[in-house]
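In: Coordinates only, no sequence provided:
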């Protein structure tokens, strides 16, 4: 049995060692790559406030009300 899909994802950069966040996604976004990990709503908000770009396809910033 698979765990439920995450509501929020963070996409990490390419490379070994510390991989910086690249994008915040809404869970299930078709643009999210394999380098993602599940995050909480609060972590998604914090990442957006910390200038991690929002995916332009799923628009997590609009979904969370964190628009510039």
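Out: Here it is on my side, so go on. Since we're looking at a predicted model, the values are computed, not measured.

In: Share the number of residues neighbouring residue 5, please.
Out: 9 (other Cβ atoms under 10 Å). The C-beta positions use only the backbone N, C-alpha and C, and glycine is treated the same way.

In: Please identify which helix or strand holds it.
Out: Assigned by DSSP states H and E, residue 5 belongs to no helix or strand.

In: And the biggest helix by length in the chain, what does it pack against?
Out: Longest helix in the chain, counting residues (DSSP state H): helix 41-49. Counting contacts by 3 or more Cβ pairs under 8 Å, 6 or more residues apart in numbering; DSSP states H and E, helix 41-49 packs against strand 8-12, strand 21-26, helix 60-64.

In: Tell me if I am right that residue 15 is in a strand.
Out: No - counting by DSSP: H, G, I helix; E, B strand; the rest coil, residue 15 is not part of a strand but coil.

In: Count the residues that sit near it.
Out: Applying other Cβ under 10 Å, I find that residue 15 has 9 neighbouring residues.

In: before we move on, what about residue 13?
Out: As a measure of burial, residue 13 has 11 neighbours, counting by other Cβ under 10 Å.

In: what's the burial count for the closest residue to it other than its chain neighbours?
Out: For residue 13, ignoring the flanking residues on the chain, the nearest one in space by Cβ to Cβ, 6 or more residues apart in numbering is residue 19 at 4.5 Å. When neighbours are defined as other Cβ under 10 Å, residue 19 has 12 of them.
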